[in-house]
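> I would like to see how this sequence folds:
(chains A and B)
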There are 2 protein chains.
Amino acid sequence: MSGDFEQIDREFLDDFATLSSFGATPAGGVDREAGSPADLAQRAWFAQWLTDRGFRVHTDDIGNLFGVLEWVPGAPVVLTGSHLDSQPLGGRYDGAYGVLASAHAAHRLNQKVAAGGWRPRLNLAVVDWFNEEGSRFTPSMMGSSVFTGKLAGSAALATTDAGSVTVAEAMADSLGQPWPTPVQSYAEIHVEQGRILEDTGVTIGLVTATWAAQKFDVVVTGEQSHTGSTVMADRHDALVGAARLVVAVRELAERFADAPLHTSVGRFDVLPNSPVVVPREVRLNIDLRSPDPAAIVAAVDLLRTTIAAVSVEVGVEIDLALSHAWDQQPYQAAGVSLAAAAAERLGLTHQEMMTIAGHDSTNLKDQVPTVMLFVPSVGGIAHNEGELTTDEDCLAGVALLSEVLTDLCSEAPAILR
Amino acid sequence: MSGDFEQIDREFLDDFATLSSFGATPAGGVDREAGSPADLAQRAWFAQWLTDRGFRVHTDDIGNLFGVLEWVPGAPVVLTGSHLDSQPLGGRYDGAYGVLASAHAAHRLNQKVAAGGWRPRLNLAVVDWFNEEGSRFTPSMMGSSVFTGKLAGSAALATTDAGSVTVAEAMADSLGQPWPTPVQSYAEIHVEQGRILEDTGVTIGLVTATWAAQKFDVVVTGEQSHTGSTVMADRHDALVGAARLVVAVRELAERFADAPLHTSVGRFDVLPNSPVVVPREVRLNIDLRSPDPAAIVAAVDLLRTTIAAVSVEVGVEIDLALSHAWDQQPYQAAGVSLAAAAAERLGLTHQEMMTIAGHDSTNLKDQVPTVMLFVPSVGGIAHNEGELTTDEDCLAGVALLSEVLTDLCSEAPAILR
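Residues are numbered from 1 along each chain as shown, chains lettered A, B, ... in the order given. Prediction:
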């Protein structure tokens, strides 16, 4: 099937197949949460891949893995990358595509430099950000948050998983020293995880902004009792209260027809979770996202009204605590223009769009000019073993990223970090 | 406070305080699931208690713990007991009261025999049934189910807890040989776990029957996707489907005003349970109980209609599988009369009532004549650290059980098992 591709394209596809074998699941996905044996194994493979091609490998103090090409001693770097970790039963492309695309693009530039065909003014480094997914260790985007100073490294290292293992323990053999090199700009390519590009038949998404989001931690507190003998009127059933919240959160999405509103509950823990005990407590998260921050504010107002009603009707306490919030945030317009021009030169169809999902680039863009690119996701399937991006689209993305990185590395150095 | 009690009553209260120290929780309850260190420790204490008072201790092949008083060599036994295991963060009285009441009642009878004041015609054995609660290892009433041949011992031993530990492993040092002694009758005393006795100001409940029940295992299957980027219309959210079921199950109870219907969901497991992933699967149980079996049948019909609607509206599959069912089942009327007469002799107020909760006696009554007694639960609180039965009511129960066992042990032997 890949017989028609050029040699460098075949190499990318072969490497991607190898990468997809780490934590491979029978249904064609991958399961390699941050710091798991599968994650550590793929990191070792990736570090060797970088070393074999002349990159200097560096692991920092939160487990971000860098491959550095130092062409201009002392100059700032252009960073490019994404993340290799996945959700439980996740897809092959989410994050991993971007890391390997970055590595191949950087390798192509390095060969051009070695052949004397191009003289960059900045250095280039590929990065696998630690724990972007946040499923095992919360919060998500942990590595890029520590790198950009948004999260204290000590707090991140002390974070525990469900089995009380800390990040420091899981990554004990994979932590190094901070990497204080000045960063001039950042570029990331990722699968869209939606179906806008597929629906419009366009190959490249140029990300202009993130949707706004508010995320909440919720605790519903009732009273433990016997499922058989406790009369219904005496019950304070935390699960009934929490279930009514889940239904209400879903219905919120239908009340905002003009500004799309995405609403979700993904984590939901019941105590004591025994078949003959009325639950005393449920802990859950609520995730609200929209391109229009005002829609989220209005949705939260409706949610608070629902919470007050459910508390009274079910006889439970409901505590709603904001855990994360961000406004609609733009990526630098100059980066969007640079990427659009590069796509034009390669003859790739492209369109501007927003990202709904968070990415490591949302952290980086607050520090340095950042280019964020999407390639299509077949059917928009994401966080699912059935994720797919066609080989052609994957390769178009590597070609475009190579072009973008060439432009970024050709800029005059400036001390930005 | 117990200064006004007789010596034998003080001994009971002191022993109950000691028993309540195993797995004691700060809020005044106990946490000693079947086969846990706290359960094994209390079993060792109880076995020593029995040995010290001349009982022969026997542990059978599923971990039921017997204390035998063999007064009449070769005669069948009257069995009496309950269970020492508890729910997570459970109460001190549920099960443990009945085991200790049985032991003290048996000890009193043994002292009467030793003093030459009474000649029984049957032997007497106290029992702690293994794993009545079923919170760690499902199903509940495991020990009495194996003893009465309703559940295969091999299947029970292979049951695993959430950490994949089997019953055989948890009980490795606490398993013995089967105990094939013929049983003539069974008596159990338990806290009511409801507030009927408290509301009517009566001390003793004479249990005439169990409520009917149907229990279901439910699997809701959706599709894993990204909570941010997946458009709402593309979602197949197993948690939304399951939450709508929980709400519907609660509302069923309100639709049966004439025949009380108790409806519950106690166990509820979400996969993958990650904050940024739309859940692909929820597993839950549904528990429906009523004195009127027809009300349960009608409720299940309504439930199936709801399930069909939720499946279509949410885009999930819902599989409903019956796991347990029983009709309203009577206890032997002769046992109720015997216990009523005994209560009369002691001047204890009493009334007939049904049990909503299942007990080990519901297994035994299908094999042998069985007497089931209740004492009041303050506020009807059950499966909760706040469970309370007053000292006076506890002691009245021990006195009544002693009287009932005297009558049962005075009967002519018959081969019943």
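> what are the contacting residues of stretch A:44-52?
Here stretch A:44-52 makes contact (C-beta atoms under 8 Å, 6 or more residues apart in numbering or on different chains) with A:15, A:18-19, A:22, A:57, A:59, A:65, A:67, A:84, A:99, A:103, A:126, A:128. C-beta coordinates here come from the backbone N, C-alpha and C atoms, glycine included.
> and if we set it to 6 Å?
Outside stretch A:44-52, the residues that touch it by C-beta atoms under 6 Å, 6 or more residues apart in numbering or on different chains are A:57, A:67.
> residues of that stretch that come out buried?
Buried residues in stretch A:44-52, counting neighbours by 16 or more other C-beta atoms under 10 Å in any protein chain shown, are found at A:45-47, A:49-50.
> which two from the residues you listed end up farthest apart in space?
Spatial extent of the buried residues of stretch A:44-52 (C-beta to C-beta) is set by the pair A:45 and A:50 at 10.0 Å.
> rewinding a little: would you list the buried residues of stretch A:44-52 in TSV and tack on secondary structure and pLDDT?
Formatted as TSV, these follow (DSSP: H, G, I helix; E, B strand; the rest coil; pLDDT from 0 to 100):
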residue	secondary structure	pLDDT
A:45	helix	98
A:46	helix	98
A:47	helix	98
A:49	helix	98
A:50	helix	98
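> which of the residues you listed sits closest to residue B:322?
When these are ranked by distance to residue B:322 (C-beta to C-beta), residue A:45 comes first, at 49.1 Å.
> how near is the closest one to residue B:286?
Counting by C-beta to C-beta, to the nearest Å, the gap from residue A:45 to residue B:286 is 47 Å.
> residue A:336 now?
To residue B:286, residue A:336 is 52 Å away according to C-beta to C-beta.
> between these two, point out the one with more neighbours.
Applying other C-beta atoms under 10 Å in any protein chain shown to residue A:336 and residue B:286 shows that residue B:286 carries more neighbours, namely 26 against 20.
> just the mean pLDDT for the helix or strand hosting the more buried one, thanks.
Residue B:286 belongs to strand B:281-290 when assigned by DSSP states H and E. Mean pLDDT, strand B:281-290: 97.
> so for chain A, the centremost residue is which one?
residue A:359 (4.0 Å; C-alpha atoms, centre = their mean).
> quick check: closest non-adjacent residue to residue A:321.
Spatially, and ignoring its direct neighbours in sequence, residue A:321 is nearest to residue A:217 (5.0 Å; C-beta to C-beta, 6 or more residues apart in numbering or on different chains).
> pLDDT of the helix or strand containing the one you found, averaged?
Using DSSP H and E, residue A:217 sits within strand A:212-221. Strand A:212-221 carries an average pLDDT of 96.
> tell me what that strand is packed against?
Identification of packing neighbours for strand A:212-221 by 3 or more C-beta pairs under 6 Å, 6 or more residues apart in numbering or on different chains; DSSP states H and E yields helix A:238-254, strand A:281-290, helix A:293-314, strand A:317-326.
> nearest to residue B:141, of those?
Nearest of the helices and strands packed on strand A:212-221 to residue B:141, taken as C-beta to C-beta: helix A:238-254 at 23.5 Å.
> so for that closest one, what's the average pLDDT?
97.
> buried ones in that helix?
Within helix A:238-254, the residues that count as buried by 16+ other C-beta under 10 Å are A:238-250, A:252-253.
> among those, which pair sits farthest apart?
A:238 and A:253 (24.1 Å).
> rewinding a little: closest one to residue B:193 among the helices and strands packed on strand A:212-221?
Residue B:193 sits nearest to helix A:238-254 of all the helices and strands packed on strand A:212-221, at 19.3 Å, using C-beta to C-beta.
> which strands or helices does the next helix or strand after the closest one pack on?
Sequence-wise, the next helix or strand downstream of helix A:238-254 (DSSP H and E) is strand A:262-264. With contacts taken as 3+ C-beta pairs under 6 Å, 6+ apart, strand A:262-264 sits against helix A:238-254, strand A:281-290.
> quick one: residue A:23 and residue A:30 touch, right?
Yes: if you go by C-beta atoms under 6 Å, residue A:23 and residue A:30 touch, sitting 4.5 Å apart.
> who's more crowded, these two?
Per other C-beta under 10 Å, whichever of residue A:23 and residue A:30 has more neighbours is residue A:30, with 29 against 24.
> report the contact partners of the more buried one.
Contacts for residue A:30 were tallied using C-beta under 6 Å, 6+ apart; they are A:23-24, A:86, A:90, A:92.
> roughly how far apart are it and residue A:96?
As judged by C-beta to C-beta, residue A:30 and residue A:96 stand 7 Å apart.
> repeat that for residue A:142.
Here the criterion is C-beta to C-beta. By it, residue A:142 lies 17 Å from residue A:96.
> and the two? Which one has more around it.
Using other C-beta under 10 Å, the more surrounded residue of residue A:142 and residue A:96 is residue A:142, with 30 against 26.
> got a list of what that one touches?
Contact partners of residue A:142, counting by C-beta under 6 Å, 6+ apart, are A:130-131, A:156.
> and the end-to-end length of stretch A:171-185?
The first and last residues of stretch A:171-185 sit 28 Å apart, counting by C-alpha to C-alpha, to the nearest Å.
> again with stretch A:27-41
20 Å.
> and if you look at stretch A:271-282?
From its first residue to its last, stretch A:271-282 covers 6 Å (C-alpha to C-alpha).
> any stretches of chain A with poor pLDDT?
A:1-4, A:415-417 (pLDDT under 70).
> on that earlier part again, so can I have JSON lines of the helices and strands packed on strand A:262-264 showing distance to residue B:122?
JSON lines is the format used below for those (distance: least, C-beta to C-beta, whole Å):
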{"stretch": "helix A:238-254", "distance to residue B:122": "47"}
{"stretch": "strand A:281-290", "distance to residue B:122": "48"}
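> out of these, nearest to residue A:152?
Per C-beta to C-beta, nearest to residue A:152 of those: strand A:281-290, 21.9 Å.
> by contact count, what packs against the closest one?
On a contact count with 3+ C-beta pairs under 6 Å, 6+ apart, strand A:281-290 meets strand A:212-221, helix A:238-254, strand A:262-264, strand A:268-271, helix A:293-314.
> ok, and what's touching that strand?
A:211-221, A:238-239, A:242, A:249, A:259, A:261-265, A:267-271, A:296, A:299, A:356, B:227-228, B:275.
> could you pick out the buried ones from those residues?
Neighbour-count burial (16+ other C-beta under 10 Å) is assigned, among those, to A:211-221, A:238-239, A:242, A:249, A:259, A:261-265, A:267-271, A:296, A:299, A:356, B:227-228, B:275.
> was I right to think residue A:66 contacts residue A:128?
No: Residue A:66 is not in contact with residue A:128 according to C-beta under 6 Å; the separation is 8.1 Å.
> which of those two has more neighbours?
Under the criterion of other C-beta under 10 Å, the comparison of residue A:66 against residue A:128 puts residue A:128 first, with 31 against 24.
> show me the contacts for the more buried one.
By C-beta under 6 Å, 6+ apart, the contact set of residue A:128 is A:65, A:84, A:99.
> burial measure for the residue nearest to residue A:239 when sequence neighbours are not counted, as a count.
Sequence neighbours aside, residue A:279 is the residue nearest to residue A:239 in space, at 4.2 Å (criterion: C-beta to C-beta, 6+ apart). Neighbour count of residue A:279, defined by other C-beta under 10 Å: 30.
> what does residue A:340 give?
When neighbours are defined as other C-beta under 10 Å, residue A:340 has 16 of them.
> make sure it is indeed in a helix.
Yes: looking at residue A:340 with DSSP: H, G, I helix; E, B strand; the rest coil, it is inside a helix.
> my guess is residue A:239 meets residue A:280, correct?
No: contact between residue A:239 and residue A:280 fails when scored by C-beta under 6 Å: they sit 9.4 Å apart.
> any idea how far chain B is from the closest residue to residue A:295 other than its chain neighbours?
Excluding the flanking residues, the one nearest residue A:295 by C-beta to C-beta, 6+ apart is residue A:259, at 4.0 Å. In this view, residue A:259 and chain B are 13 Å apart by C-beta to the nearest C-beta, to the nearest Å.
> hmm, residue A:292 and residue A:259 touching each other?
Yes: here residue A:259 lies in contact with residue A:292, judged by C-beta under 6 Å, at a distance of 3.6 Å.
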